[in-house]
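Q: sequence unavailable; structure follows:
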């Protein structure tokens, strides 16, 4: 059953007030917020009318040239004024009933002053520890406090239980998208873990010491990267020796695991841990604050968005320089995403593996390294690329190396790939797919064994 709106239309003989005045009270007399929410309501209605259905936040941002993050923030402000409404659809319907026939869709904001409503704006849902915090900030703080308490990121179920203890009326199944994407994210089911980004921790106003420790860890990683250590790693003991308490060192590890530029793989064993230092840490040498770190990451992301063309080459008519149509369709959006670029590597390797299997006429029983060794065998290849045995062996090594060094780690864990590295790897897969398409088509003369 639909929950009624917090206002009703005032009949001609009833007392009431302009909707714009009512909304101003609902947003605590913040005129700029009132105008943002009002603009959202009207623009949302325009788009829904054009589409013939309810739009998504992404579609709203694209139509009105609003960054997605800004659209989510404005939708959060709308929901704080209308706690029971997920989108402006219900409010829009009621308002147009009030505008009546003299007004057409497309009216200016001032037309809303003609709609008279009655009813009290809803009381803000407040956290007993932090009265006045909007719901999104309440959730961020609850997630971070549990992270500090248990030493790892909590599940959505654990956060929901914490919210329910104080009867805050926040349902994460319905309201998960109140969170701005660059502040928090939820992992995949079946165990949906709630994580905050570094920007999200900063937004809580409670994570200063952990963020300071993270920056110190990045400095240690950069110093180790520049040393002559054959395999640079950051150890838990490096942080405790630098004065961090053990529990804080472990929280820093969790933060590092979500950041692609500082560290990569590693291991946790016998109460300690280490993380391999990513070559991308070289971009963080001048970082001395969390603000500087976030700006460095943002700068790398800006470079990465242009990188596919730079790394792969410019090809007329292609998106981002990726020539293979399927690879372009499946990976272009993953490369342009703000995070989780290892997904592009994983998808590219699956495409390459599938294409080789089809070309070689092999079934699903063989995959990965064995597939490449069988398909590109030096002495009895099902797919010939080389003009002689040594070249064919080199071709086999290229494809099998792709499986062993890149496909297997991507399939068995989250490797937090650097966005530029991911672009270059997808570009390399694009090259291999091109070689595969031209393989054994009669253009390669077979030279005698031993020829070089």
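A: Looks like it arrived, so ask away. Note that the structure is a prediction, hence the values are computed from the model and not measured.
Q: pLDDT on stretch 289-309, on average?
A: What stretch 289-309 shows for mean pLDDT is 73.
Q: let the chain start at 12 from now.
A: Right, with 12 as the first residue, what we last looked at is stretch 300-320.
Q: I'd assumed residue 57 was in a helix, is it?
A: Yes: counting by DSSP: H, G, I helix; E, B strand; the rest coil, residue 57 is part of a helix.
Q: how far away is it from residue 99?
A: Residue 57 sits 11 Å away from residue 99, taking Cβ to Cβ, to the nearest Å as the criterion. Bear in mind the C-beta positions are built from the backbone N, C-alpha and C, glycine included.
Q: between the two, which one's more packed in?
A: Regarding residue 57 and residue 99, a neighbour count based on other Cβ atoms under 10 Å identifies residue 99 as having more, with 24 against 16.
Q: so the more buried one sits against residue 58, correct?
A: No: taking contacts as Cβ atoms under 8 Å, residue 99 lies outside contact range of residue 58: 10.3 Å.
Q: list the residues that contact residue 443.
A: Contact analysis of residue 443 by Cβ atoms under 8 Å, 6 or more residues apart in numbering lists 363, 409-410, 413.
Q: confirm it sits in a strand?
A: No: counting by three-state DSSP, residue 443 falls outside a strand, being helix.
Q: residues near residue 152, how many?
A: 20.
Q: where's it relative to residue 104, distance?
A: Distance from residue 152 to residue 104, by Cβ to Cβ: 35 Å.
Q: how about residue 67?
A: Taking Cβ to Cβ, one finds residue 67 at 19 Å from residue 104.
Q: for these two, indicate the residue with more neighbours.
A: Neighbour count, other Cβ under 10 Å: between residue 67 and residue 104, residue 67 has more, with 15 against 11.
Q: per-residue pLDDT of the more buried one, please?
A: Looking at residue 67, its pLDDT is 86.
Q: gap between it and residue 241?
A: Counting by Cβ to Cβ, the gap from residue 67 to residue 241 is 49 Å.
Q: name the helices or strands packed onto the helix or strand hosting residue 168?
A: Assigned by DSSP states H and E, residue 168 belongs to helix 167-176. Packing partners of helix 167-176 (3 or more Cβ pairs under 8 Å, 6 or more residues apart in numbering; DSSP states H and E): helix 146-161, helix 183-186, strand 205-207.
Q: for residue 309, give its distance to residue 79.
A: Going from residue 309 to residue 79 by Cβ to Cβ gives 15 Å.
Q: so for those two, which sits in the more crowded spot?
A: residue 79 (17 against 13).
Q: tell me the contacts of the residue lying closest to the more buried one once chain neighbours are set aside?
A: Nearest residue to residue 79 in three dimensions, chain neighbours excluded: residue 72, at 4.7 Å (Cβ to Cβ, 6 or more residues apart in numbering). Each residue near residue 72 by Cβ under 8 Å, 6+ apart is listed here: 78-79, 81-82.
Q: farthest-apart pair in the contacts of residue 443, please.
A: 363 and 409 (10.8 Å; Cβ to Cβ).
Q: higher neighbour count, those two?
A: Neighbours were tallied for residue 363 and for residue 409 using other Cβ under 10 Å; the higher tally belongs to residue 363 (24 against 16).
Q: in the chain, which residue is most central in space?
A: When Cα atoms, centre = their mean is applied to the chain, the residue found nearest the centroid is residue 350 (4.3 Å).
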